[in-house]
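# how would this look folded up:
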Amino acid sequence: MASTYSTNLAIELIGIGEQSGVWGTTTNNNLGTLLEQSISGNVTQAITDGADTTITIPSGTTGVARNIAIEMTGALTATRNLIVPANKKLYFIFNNTTGGFAVTVKVTGQTGVSVPNGAKIALVSNGTDVVSLLNYMASLTLGAALPVASGGTGITALGTGVATALGINVGSAGAFVTFNGAGGTPSSMTATNLTGTATSLNIGGNAATASAIAVGGITGLGTGVATALAVNVGSAGAFVTFNGAGGTPSSMTATNLTGTASGLTAGSASAVALGGITGLGTGIATALAVNVGTAGAPVINGGVLGTPSSGTLTNCTFPTLNQNTTGTAAGLSVTLAIASGGTGATSASTARTSLDVPSNAGSGASGTWSINVTGNAATATSATSATNATNATNASTVTTNANLTGAIVTSSGNATTVNMSPITNSLGADVALSNTALYFDGPSVAQGASGTWFVSGSVTVGDGTGSQQFYGKLWDGTTLIASGYTQSSASAETMQLSLSGYISSPAGNLRISVREPAATSGFIKYSATGEGKDSTITAIRIA
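Model prediction:
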């Protein structure tokens, strides 16, 4: 009788008389892995942004949905769904995603429960959909006051008399006064900011005393203020209002006048101060009377300078160099920048360095120059043709060179060395072959997608439960390069499978993958010898 699996946790139930000699492995997997996952398993699950994320409880093997605690991670741009199987099961869910969005945990096609970002919640799958585990608590003690956002008040105790006032109807003596509600007749009150019309204001104290009513903190008027308040605005002796007429004051000190002073008169010139200036320097009055742009007038910002007889330029910007100049520039002591058409230097050697131009002796240049070099050039980089070069890099044609490096070149003469560096990688840990239908990746190298490569490697495989078959393939994840087969003859025996071949423009990392078609207890071994190189792959670019 073949094995069956439990309804909710998919634990393997061994058939009567089955798995003789190996039932302990299945039992250990049931108790030590599957049951342990369902009771105390805590796992993280990345939530896909843009699609539903589905987790499962595979029969007899580990699965994310079998864990009791699941922490959801990932960066989200909208609300997403986590789809769980309909199996009856308890879940503790933590929405630890970023982006501030909720994730709905549900059975496919159902409603489920939305878990807010940052929330931790207890849920249960009832066989149809996911629902909240709890909806009632007999009592609850919080470690801190429940905030308003969660339906609380945010306070831990009421002030004296507050509870009593809360029990009295609004509008009755002793109740709270509501916004825009009646204030009643308080026994005492200090009003600091009253608005509206006080048509029936009664003052119970001494109405004869002016100090009993304070307006904006003023309890009395200065000398002449009461008289001025009784005069119509615009008449002599009245207050001057904002934007109102100032009349003809007998005297005044103006510190910040604006507008047009077309009718401004003064008894003496010294009485009018403009920005703190009470007099003009020699020649200023004459210059102010000359039209701007005319000889003798002041020069304005952005205006024409004219032809000054002399001047010292300390910070001038020249937009172009096409101005006509006359006279002698013997006194010019500036270095014209490269951006203005100069060299940015005051000597020939410094100018060549600034402009990255070699001297006639052939030195001083940097970067990559596409040049033809003949004769005895010590070093030629990116040259079209280099003859008798000691070191030529990326040259199309190289004749009699001592060291040739770079990619594909055509050479004639005596090419001494061509460097082709191999890429090698070994497994760092054993790989379990836990599914008979799948190939599991062993050693791999990241070589890029260009060029032609020769790749070779070997893997060490074994299964402690008995004689087993192993299929291997060398590929780039898409294109098969080579394949092979080996079989162990006894329990605990390890075998080695070696593969090699060529491939152009690989679609992915070059790798050796292994499948065990008849069991799920095998391994790709990384260090059965203790040397750590038992499963290794090497790739060499040859074109």
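
# For the stretch 1-150 of the chain, which segments count as strands?
Using DSSP state E, counting those that start in this stretch, the strands found in the stretch 1-150 of the chain span residues 4-5, 12-13, 42-46, 53-54, 69-73, 80-84, 89-95, 103-107, 113-115, 120-125, 130-132.

# Pass me the low-pLDDT residue ranges in the stretch 351-500 of the chain, would you?
In the predicted model, the stretch 351-500 of the chain carries pLDDT under 70 at residues 357-420, 491.

# ok, back up a step: possible to save the strands of the stretch 1-150 of the chain as CSV with distance to residue 290 and mean pLDDT?
For glycine as for every other residue, the C-beta is placed from the backbone atoms N, C-alpha and C. Written out in CSV, the entries for the strands of the stretch 1-150 of the chain read as follows (distance: least, CB to CB, whole Å; pLDDT from 0 to 100):
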stretch, distance to residue 290, mean pLDDT
strand 4-5, 106, 91
strand 12-13, 107, 89
strand 42-46, 79, 97
strand 53-54, 82, 97
strand 69-73, 78, 98
strand 80-84, 77, 97
strand 89-95, 78, 97
strand 103-107, 79, 97
strand 113-115, 80, 97
strand 120-125, 83, 97
strand 130-132, 89, 96
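
# Looking at those, which is nearest to residue 235?
Taking CB to CB as the criterion, residue 235 comes closest to strand 113-115 out of the strands of the stretch 1-150 of the chain, the separation being 73.5 Å.

# What strands line up against that closest one, and which way round?
The strands that strand 113-115 pairs with in its sheet are strand 103-107 (antiparallel) (by DSSP bridges).

# contacting residues around the strand it pairs with?
Strand 103-107 has contacts (CB atoms under 8 Å, 6 or more residues apart in numbering) with 47, 72, 76, 79-86, 91, 93, 95, 97, 112-115, 123, 125, 128-130.

# Now restrict these to buried residues only.
Burial by neighbour count, judged by 16 or more other CB atoms under 10 Å, picks out 47, 72, 76, 80-86, 91, 93, 95, 97, 112-113, 115, 123, 125, 129-130 from these.

# was I right about residue 40 contacting residue 66?
No: with contact taken as CB atoms under 8 Å, residue 40 and residue 66 are classed as non-touching, separated by 11.3 Å.

# what about these two, which has more around it?
Applying other CB atoms under 10 Å to residue 40 and residue 66 shows that residue 66 carries more neighbours, namely 27 against 10.

# Quick check, pLDDT for the more buried one.
According to the prediction, residue 66 has pLDDT 93.

# That one and residue 308, how far apart?
From residue 66 across to residue 308, the span is 91 Å (CB to CB, to the nearest Å).

# Can I get the helix or strand residue 351 falls within in CSV, CA atoms only?
With secondary structure defined by DSSP states H and E, residue 351 is part of helix 348-355. The C-alpha atoms that make up helix 348-355 are tabulated as CSV, following Å, rounded to 0.1, in the frame of the first residue of the first chain:
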residue,chain,number,x,y,z
ALA,A,348,53.9,76.3,-23.2
SER,A,349,54.5,73.1,-21.1
THR,A,350,51.7,73.9,-18.7
ALA,A,351,49.4,74.7,-21.6
ARG,A,352,50.1,71.3,-23.2
THR,A,353,49.3,69.6,-19.9
SER,A,354,46.0,71.5,-19.6
LEU,A,355,45.0,70.7,-23.2
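
# Which parts of the stretch 401-543 of the chain are strands?
Ranges of strands within the stretch 401-543 of the chain are 403-405, 410-412, 423-426, 431-433, 440-445, 452-463, 469-475, 480-487, 494-504, 510-515, 522-525, 536-541, based on DSSP E, counting those that start in this stretch.

# Nearest to residue 153, out of these?
When these are ranked by proximity to residue 153, the top entry is strand 431-433, at 56.0 Å, counting by CB to CB.

# The closest one - contacts with which helices or strands?
Applying 3 or more CB pairs under 8 Å, 6 or more residues apart in numbering; DSSP states H and E, we find strand 431-433 packed against strand 440-445, strand 510-515, strand 522-525.

# of these, which approaches residue 536 most closely?
strand 440-445 (5.6 Å).

# Direction included, what does the closest one pair up with?
Strand 440-445 has the following sheet partners, assigned by DSSP bridges: strand 510-515 (antiparallel).

# List the contacts of the partner strand.
Identification of contacts with strand 510-515 by CB under 8 Å, 6+ apart yields 431, 433, 436-445, 447, 453, 455, 457-459, 461, 470-477, 481, 497, 499, 503, 524, 535, 537, 539.

# Quick check on these: which are buried?
Going by neighbour count (16+ other CB under 10 Å), these have 431, 433, 439-440, 442-445, 447, 453, 455, 457-459, 461, 470-476, 481, 497, 499, 503, 524, 535, 537, 539 buried.

# Show the contacting residues for the nearest residue to residue 152 once chain neighbours are set aside.
Nearest in space to residue 152, with sequence neighbours left out and distances taken as CB to CB, 6 or more residues apart in numbering, is residue 146 at 2.7 Å. For residue 146, the contact set (CB under 8 Å, 6+ apart) comprises 152-154.

# quick one: residue 146 and residue 52, what's the gap?
For residue 146, the distance to residue 52 (CB to CB) stands at 34 Å.

# SS state for the residue nearest to residue 232 when sequence neighbours are not counted?
Counting by CB to CB, 6+ apart, residue 238 is the residue found nearest to residue 232 once chain neighbours are left out, at 5.9 Å. Under DSSP: H, G, I helix; E, B strand; the rest coil, the three-state class of residue 238 is coil.

# can you pull the contacts of residue 238?
When contacts are counted by CB under 8 Å, 6+ apart, residue 238 is found next to 228, 231-232.

# From residue 288, how far off is it?
40 Å.

# how about the helices in the protein?
Taking DSSP state H as the test, the helices found in the chain are 23-29, 36-40, 162-166, 225-229, 284-288, 348-355.

# For residue 489, find the nearest of those helices.
Taking CB to CB, helix 23-29 is the member of the helices of the chain nearest to residue 489, at 20.4 Å.

# start to end distance for stretch 10-28?
15 Å (CA to CA, to the nearest Å).

# coming back round to it: gap between the residue nearest to residue 232 and residue 307?
Residue 238 sits 60 Å away from residue 307, taking CB to CB as the criterion.

# Residue 475 too?
83 Å.

# Could you do residue 195 as well?
For residue 195, the distance to residue 307 (CB to CB) stands at 70 Å.

# can you check residue 29 too?
Residue 29 sits 100 Å away from residue 307 when distances are taken as CB to CB.

# ok, the two, which is more surrounded?
Set side by side, residue 29 and residue 307 give different neighbour counts by other CB under 10 Å, the larger being at residue 29 (18 against 8).

# my guess is the more buried one meets residue 60, correct?
Yes: counting by CB under 8 Å, residue 29 touches residue 60, with 7.1 Å between them.

# Need the residues touching each of these two.
Going by CB under 8 Å, 6+ apart, residues that sit against residue 29 and also against residue 60 are residue 12.

# For the residue lying closest to residue 245 once chain neighbours are set aside, give its distance to residue 250.
Counting by CB to CB, 6+ apart, the nearest residue to residue 245 once its immediate chain neighbours are dropped is residue 234, at 6.0 Å. Counting by CB to CB, the gap between residue 234 and residue 250 amounts to 17 Å.

# Comparing these two, which residue is more hemmed in?
The residue with the greater number of neighbours, taking residue 234 and residue 250 and applying other CB under 10 Å, is residue 234; the counts read 12 against 5.

# Any figure for the gap between that one and residue 158?
With distances defined as CB to CB, the gap from residue 234 to residue 158 amounts to 59 Å.

# now do residue 422
When distances are taken as CB to CB, residue 422 and residue 158 turn out to be 79 Å apart.

# Likewise for residue 446?
Summarising the geometry, the distance separating residue 446 from residue 158, computed by CB to CB, is 67 Å.
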